[in-house]
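Colleague: Here is my input, please return the structure:
(one chain, ligands or ions: 1)
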Amino acid sequence: ALNLLSSAPNRKSLPPGPLKIPVVGNFLWLRKSLLELENVLRSLHARYGPMVTLYMGPSPAVFVASPALAHEALVHCGAVFANRPPASATDRILSANQHEITSSSYGPTWRLLRRNLTAEILHPSRVRFYSRASSWVLNTLVAELKSQPGGIVRAVDHFQYAMFCLLVLICFGDRLEEKQIKQIEDVQRRLLLGLQKFELLNIWPRLSRLVLRKRWKEFYELWEYRNRILVPLIRARSKAKREQLNKVKEDGNDGDWIVSYVDTLLDLELPEEKRKLQEDEMVSLCSEFLSAGTDTTTTALQWIMANLVKYPEIQQRLYDEIKSVVGQGAEQVKEEDLQRLNYLKAVVLEGLRRHPPAHFVLPHAVAEDAELGGYVIPKGGMINFMVAEMGWDPEVWADPMAFKPERFINYGGGEAGGFDITGSREIKMMPFGVGRRMCPAYGLAMLHLEYFVANLVWLFQWRAVAGEEVDLSEKQDFTIVMKNPLRAQICPRNLGP
Ligand code: HEM
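Modeller: Next up, the predicted model:
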């Protein structure tokens, strides 16, 4: 049909947005935190519609607020929208020239690395093997929580370490000592803290190599420190793996060997270069595995527990559900029990909807000129999606800012399990992204969230600390975290028969 409205989008143009201010414009946007940017975008979307363009760097960046357009881009035209923008100078070094899933261009290397992770580690039949690690980490966490004076806990500190341990054990095998885990934690923390500091080096890398020599040196020291800690772990695993193979050959018994992420990397062969991965590439992949999974899962866990403290009736309903499934006196909720805990799943989904750890996905780039919503995004243009806005859309969700797990109960025949988090047919929210670049670990993350929320509620009653209120204000960190971290008064439940 002909569209005669004069405001009809120009078919060859980018989506509308504020004027491009040369040079200054870029720096103005870069200085804003993601939460500030989100606020700006919210008003721009109200003015211009669901697609808006900002000039943040060398290429235009388009922001999409509509779930229907996100579906069109990421599911229908998936291949066109699945690339990443070129890596910054420091990222190129840290990712061993983009030998990493997150930052690699859409192509054979990305496909191989991603498929390795999903098929060899994250596949449901594999994930079961890690339940020993989960229950070990749970026991450590529970002991920690129990030892806090007065039963008052600052939840996030304990959650962070627990989620980190879990991923370290999957990554390097579950025969590590506490001391080694702490060392890896130190490396990863310093890298994360350095992100902002080293961002400056990327604005004008050639020049910064001259004028910011000291900071570059600091950056390389950190990079070397990471190698110094992680390379020996990779070598040790390689040796252990050879010994294991010999043992299997000799007596046909694999003992209780559990495949780790490093083991799978040792076997990989790059399709284009026809060679195995180098050590620095394995280091960057392991580092990515830990950093992609720790803060995201920790943040989600903290937000969910905060809501259970704020709304005791929801916590009680969850406790009652767990009791009806595991029976009074059960010591722990086991992974096998989780699939029967429907309300639990609803609580976790509601947590991810109301408080998505990432308010945007990672930046995507279009591989060729791409059309979306009547506009054209030129080859190389960046595109991102307003994850939090979609989860809070009043057109999709009734009373969107309220925490109401029940809303997920009515999906797919009265089971929260019926809700399709991958958005393949339709997007209602996308806390893990959707399409080809969707978080490959969404299943593992959901499993860990369900497992830990269930056990924390089963083993302790969580209440607000006397005289304090749970404050749901947000702050930007690596993810969007609680501005005032959850403090709670916990009381071990009486698990007698
Ligand atoms: C609640 C926990 C988590 C949330 C909310 C989350 C969310 C996300 C999001 C929004 C993306 C970007 C999608 C896009 O760019 O379109 C992503 C990508 C990714 N996530 Fe997660 N994630 C979580 C846990 C994890 C865990 C536990 C791991 C690893 C063990 C992981 C590994 C990755 C990787 C490797 C990518 C890059 C995928 C690619 O570029 O192909 N994530 N995640």
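
Colleague: quick one: buried residues of the longest helix seen in the chain?
Modeller: Ordering each helix of the chain by length in residues (DSSP state H) puts helix 213-251 first. Residues of helix 213-251 classed as buried by neighbour count (16 or more other Cβ atoms under 10 Å): 215-216, 219, 222-223, 226, 229-230, 233-234, 236-238, 240-241. C-beta coordinates here come from the backbone N, C-alpha and C atoms, glycine included.

Colleague: swap in stretch 59-70?
Modeller: Buried-residue list, stretch 59-70, by 16+ other Cβ under 10 Å: 59, 60, 61, 62, 63, 64, 65, 66, 67, 69, 70.

Colleague: pLDDT on that stretch, on average?
Modeller: If you average the pLDDT over stretch 59-70, you get 95.

Colleague: do stretch 486-497 as well
Modeller: 85.

Colleague: what residues does the stretch 51-200 of the chain put near the ligand?
Modeller: For the stretch 51-200 of the chain, the contact set with the ligand under Cβ under 6 Å from any ligand atom comprises 101, 102, 114, 167.

Colleague: for the third one, what are its contacts?
Modeller: With contacts defined as Cβ atoms under 8 Å, 6 or more residues apart in numbering, residue 114 is in contact with 101, 440.

Colleague: Surely residue 122 touches residue 439?
Modeller: No. Using Cβ atoms under 8 Å, residue 122 is not in contact with residue 439, being 10.0 Å away.

Colleague: related to what we said a few turns ago, tell me which of the residues of the stretch 51-200 of the chain next to the ligand fall in strands.
Modeller: The members of those all map outside strands under DSSP state E.

Colleague: circling back to that earlier point, helices or strands up against the helix or strand just after the longest helix of the chain?
Modeller: The first helix or strand that comes after helix 213-251 along the chain, using DSSP states H and E, is helix 261-267. Contact here means 3 or more Cβ pairs under 8 Å, 6 or more residues apart in numbering; DSSP states H and E; on that basis helix 261-267 packs against helix 155-172, helix 213-251, helix 279-310.

Colleague: Write out the residues of the stretch 251-400 of the chain neighbouring the ligand.
Modeller: 288, 289, 292, 293, 296, 297, 300, 357, 358, 361, 362.

Colleague: What mean pLDDT does the longest helix of the chain get?
Modeller: 93.

Colleague: packing partners for it?
Modeller: So helix 213-251, by 3+ Cβ pairs under 8 Å, 6+ apart, packs with helix 89-94, helix 178-203, helix 205-211, helix 261-267, helix 279-310.

Colleague: First-to-last residue distance for stretch 391-408?
Modeller: 13 Å (Cα to Cα, to the nearest Å).

Colleague: which parts of that stretch are buried?
Modeller: So, applying 16+ other Cβ under 10 Å, buried residues of stretch 391-408: 391, 392, 393, 397, 400, 403, 404, 405, 407, 408.

Colleague: Is it possible to get a markdown table of the helices and strands packed on helix 261-267 that adds distance to residue 380?
Modeller: Below are the helices and strands packed on helix 261-267 laid out as a markdown table (distance: least, Cβ to Cβ, whole Å):
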| stretch | distance to residue 380 |
| --- | --- |
| helix 155-172 | 33 |
| helix 213-251 | 27 |
| helix 279-310 | 24 |
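
Colleague: In space, what's closest to the closest residue to the ligand within the stretch 251-400 of the chain - neighbours in sequence excluded?
Modeller: For the stretch 251-400 of the chain, the residue closest to the ligand is residue 293, as judged by Cβ to the nearest ligand atom, at 2.7 Å. Leaving out its chain neighbours, the residue that sits closest to residue 293 by Cβ to Cβ, 6 or more residues apart in numbering is residue 167, at 4.9 Å.

Colleague: For the helix or strand harbouring residue 144, name the packing helices and strands.
Modeller: Per DSSP H and E, residue 144 falls inside helix 131-146. Identification of packing neighbours for helix 131-146 by 3+ Cβ pairs under 8 Å, 6+ apart yields helix 155-172, helix 442-459.

Colleague: What is the subsequent helix or strand relative to the last one?
Modeller: Toward the C-terminus, helix 442-459 is succeeded by strand 460-464 as the next helix or strand (DSSP H and E).

Colleague: what angle do that following strand and helix 131-146 make?
Modeller: With axes from the mean of the first three to the mean of the last three Cα atoms, to 10 degrees applied, the angle from strand 460-464 to helix 131-146 works out at 50 degrees.

Colleague: elements contacting strand 460-464?
Modeller: Using 3+ Cβ pairs under 8 Å, 6+ apart, strand 460-464 is in contact with helix 279-310, helix 312-326, strand 487-492.

Colleague: can you do 6 Å?
Modeller: helix 279-310, strand 487-492 (3 or more Cβ pairs under 6 Å, 6 or more residues apart in numbering; DSSP states H and E).
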